[in-house]
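# Here is the input, now give the coordinates:
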Amino acid sequence: MCGISGIWNFRDRSGAEAVVAKMNDALAHRGPDAAGLWSNEMVVLGHRRLSIIDTSPAGNQPFFSKEKDLAMVFNGEIYNYVELKLKLENEFEFVTHSDTEVMIAAYRKWGIACVDHFLGMFAFALWDENIKTLFVVRDRLGIKPIYYSVTDQGLIFSSELRPILASGLVKKKISPESLADYLRYQTVHAPDTIVCDVKMVMPGHFMRCAKNDIDTKCYWKAEEKASRDVASLPKDKIQKHIVDLLHSSVEIRMRADVPFGAFLSGGIDSSIVVGLMSRISAHPVKTFSVTFREEEFDESSFSNVIAKKFHTDHTEIKLSANNFLELVPEALAAMDHPSGDGPNTYVVSKVTRASGVKMALSGLGGDELFAGYDVFRRMKELEHKRWLKLAPKFARTLSGKFLSALKPSVSSEKIAESLRQPEIDFAHLYPLTRQVFLDEAVMKLLNGNFIQDNPVKKTIRQISASWLPLLSKVSVAEISTYMQNVLLRDTDQMSMAHSLEVRVPFLDHRLVEFVLGVSDDVKFPYTPKQLLTESLGDLLPREIIDRKKMGFTFPWSAWMKNELRYLCESNLKALEAIPILNQHEVQNLWKKFLAGDPRITWSRIWPLVVLGNWIKQHDVC
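Prediction:
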């Protein structure tokens, strides 16, 4: 796990290395073990290394082919590098034990189609001197990020947004369209970012840069790669295949040359990862749980059940709510791209890294793949509410207005907005599920300059037209929007702030492709993630399967009105730097929040606080 940066086709060649060196410095936290820089007449490549596989200097980057005609910088891990090496060893002489050298050999054999052979998480840039071409590639699920900007000087790219801003080549200006997206969804959906001229390479895509042209190609898309053969399989064979795929996914992600462990919350997903690790490992698995002195926040009773069942080498990091509270400003300072989430991941990563490990496995992705959220049930239940679909729109709209007036709340506002939609179906209702501010509120915050484009709606229209079963459509929707643009981004930026690598077995593309092909009848969660838990038999005790979903349920509302009030108010004031934003409406929302208006929850205010902090920190307007 590392940080990469670079420039292609830079006009001022004399200053190119200095710019990449500056970008590299901004990535130091991602790779404290080594730094490297290389250039020729067309490209400059920079790298910061966090050594996980082959920790010797031989694995340092930029990495070159034996003939010196290929150069690569790489962030991530190729888990099947051992198997690929065996395939290639008759044709290539390997001199290191690194996965990067295997990637170079794979490219030599298959060209850019080598990405189809990689099992892992990756963002890499590869220069091919033979065809004078630069490839910039992102993994299938978007686990590893890569940002870029096409500037007057040339293409610049990096693992984070901050180095792009540090280059001095990009105007630090907020994109109005991205601001609308952020207000709606507490994030900005790729390929856009909060900054006008900075984009992201999309998951499952690569850029080919040659001569003076840049073209982008998609090599993997979930709804297209989902297995059509699964529907013909009996349930017992589906379950067996899920177990085999999960076992393989966990086993291959345990490859490392450094101490590693697993996050253990005591929820279904993290418990499954730990259970499978324990079956595979000959030694006790190191597990880490953040626990709290306050009983209402504490999940230690569940994590302890799993730790005892699998005899793990368990570490409880006990905090108080106040300990967590003290780390909030630190978490905000570590944020590369503004997000309404993140402090929780920052705290878990900080204490885990401090416990002596450089890599941890996580249960992220289990909910998205195995219908773990309420939205899966709600979307499926719509199929049976024909009376709602047949009701005239004017009648639905009136009912929604009546409900909002009778019981003002975020929930009733969303129900009312749902009833106003042209159709009551997945394509029209899903985009509302994770919306923070509804469109009417967004228009007020943007001084009436309503931005029509909604990237989530566009994504859902494409998914809706696919052949997938409905629950799998919801899975792809969750993966493509909330998971990739909030959960994975936050996991990357907050874990790498502490030089901690996080691996996610549920996002093995082989498992994703298989489970997306499962029919709704087999996958429907009558009990929490029923297909997953039944597939694994007695791996988990019932008290873990049947427990209420908890997570971090801290008293954010009380904190923001008391201990964090100054932080909130100072950061909301910083939003004055954004001309398009209606400052009067921002303050009006804050006053309503302080007064206890049920429609203005802390989760609607917090993304504004984060944004104010971010623009103040990075001098963006």
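# measure residue 180 to residue 130 for me?
44 Å (C-beta to C-beta, to the nearest Å). Every residue, glycine included, has its C-beta placed from N, CA and C.
# where does this structure have its least confident helix or strand?
helix 386-390 (a mean of 65; mean pLDDT, DSSP states H and E).
# need the helices for the stretch 201-350 of the chain, in chain order.
222-225, 235-252, 268-280, 300-309, 321-333, 343-354 (DSSP state H, counting those that start in this stretch).
# Which one of those helices lies nearest to residue 573?
helix 321-333 (15.2 Å; C-beta to C-beta).
# what helices or strands is the closest one leaning on?
Where contact means 3 or more C-beta pairs under 8 Å, 6 or more residues apart in numbering; DSSP states H and E, helix 321-333 is packed against helix 343-354, helix 602-618.
# can you tell me which of those helices the model trusts least?
Lowest mean pLDDT within these: helix 343-354, at a mean of 87.
# Next, the angle from that helix to helix 602-618.
60 degrees (axes from the mean of the first three to the mean of the last three C-alpha atoms, to 10 degrees).
# what's helix 343-354 in contact with?
261, 263, 288, 290, 317, 319, 324, 327-328, 330-332, 334, 360, 490-491, 494-495, 497-500, 502, 551-552 (C-beta atoms under 8 Å, 6 or more residues apart in numbering).
# Dead centre of the protein: give me the residue that sits there.
Nearest to the mean C-alpha position of the chain, by C-alpha atoms, centre = their mean, lies residue 488 at 1.3 Å.
# my read: that residue touches residue 364, true?
Yes - in this structure, residue 488 is within contact of residue 364 by C-beta atoms under 8 Å, at 7.4 Å.
# Overlap in contacts, those two.
Joint contacts of residue 488 and residue 364 (C-beta under 8 Å, 6+ apart) are residue 504.
# hmm, back to that, among residue 180 and residue 130, which residue is more densely surrounded?
Neighbour count, other C-beta atoms under 10 Å: between residue 180 and residue 130, residue 180 has more, with 25 against 8.
# Report the spatially closest residue to that one, excluding sequence-adjacent ones.
residue 451 (3.6 Å; C-beta to C-beta, 6 or more residues apart in numbering).
# which ones are touching the one you found?
Neighbours of residue 451 in contact, by C-beta under 8 Å, 6+ apart: 176, 177, 179, 180, 181, 442.
# just residue 115 next, same as before
Counted by C-beta under 8 Å, 6+ apart, residue 115 has contacts 137, 206, 219, 220.
# Tell me where the stretch 1-150 of the chain has strands.
All strands of the stretch 1-150 of the chain, identified by DSSP state E, counting those that start in this stretch, fall at 2-8, 34-39, 43-49, 63-64, 70-78, 120-128, 133-138, 147-150.
# partner strands of the fifth one, parallel or antiparallel?
Think strand 70-78. With DSSP bridges as the test, strand 70-78 is paired with strand 63-64 (antiparallel), strand 120-128 (antiparallel).
# Dump those strands into a markdown table; add mean neighbour count as well.
Output for the strands paired with strand 70-78, formatted as a markdown table (neighbours: other C-beta atoms under 10 Å):
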| stretch | mean neighbour count |
| --- | --- |
| strand 63-64 | 20 |
| strand 120-128 | 25 |
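# Adding mean pLDDT, write those strands out as a markdown table.
Putting the strands paired with strand 70-78 into a markdown table (pLDDT from 0 to 100) gives the following:
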| stretch | mean pLDDT |
| --- | --- |
| strand 63-64 | 96 |
| strand 120-128 | 98 |
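# between the ones you listed, which gets nearest to residue 55?
With C-beta to C-beta as the criterion, residue 55 lies closest to strand 63-64 of these, at 14.6 Å.
# any low-confidence regions in the protein?
Filtered on pLDDT under 70, the chain yields the residue ranges 1, 386-390, 394, 400, 402-403, 450, 550-553.
# Can you give the domain ranges for it?
Following automatic domain parsing, one gets these domains for the chain: 2-220, 225-371+472-545, 555-621.
# can you list those domains in TSV and add distance to residue 381?
Formatted as TSV, these follow (distance: least, C-beta to C-beta, whole Å):
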stretch	distance to residue 381
domain 2-220	24
domain 225-371+472-545	10
domain 555-621	24
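# Relative to residue 412, which of those is closest?
domain 555-621 (8.5 Å).
# How far off centre is the closest one?
With C-alpha atoms, centre = their mean, to the nearest Å as the basis, domain 555-621 stands 24 Å off its chain's centre.
# For my notes, please list the strands paired with strand 70-78 in JSON lines and give distance to residue 215 for each entry.
Listed next are these as JSON lines, based on distance: least, C-beta to C-beta, whole Å:
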{"stretch": "strand 63-64", "distance to residue 215": "25"}
{"stretch": "strand 120-128", "distance to residue 215": "15"}
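# Of those strands, which is nearest residue 608?
strand 120-128 (29.9 Å).
# Quick one: residues in contact with that closest one.
Here strand 120-128 makes contact (C-beta under 8 Å, 6+ apart) with 4, 6, 40, 42-43, 45, 69-80, 99, 103-104, 107, 133-139, 141, 143-146, 157, 159, 201, 503-504, 507.
# Need the buried ones from those selected in ChimeraX.
Buried residues among the contacts of strand 120-128 (16 or more other C-beta atoms under 10 Å), as a ChimeraX selection:
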select :4,6,42,43,45,70,71,72,73,74,75,76,77,78,79,80,99,103,104,107,133,134,135,136,137,138,139,141,143,144,145,146,157,159,201,503,504,507
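# measure residue 409 to residue 428 for me?
In terms of C-beta to C-beta, residue 409 sits 21 Å off from residue 428.
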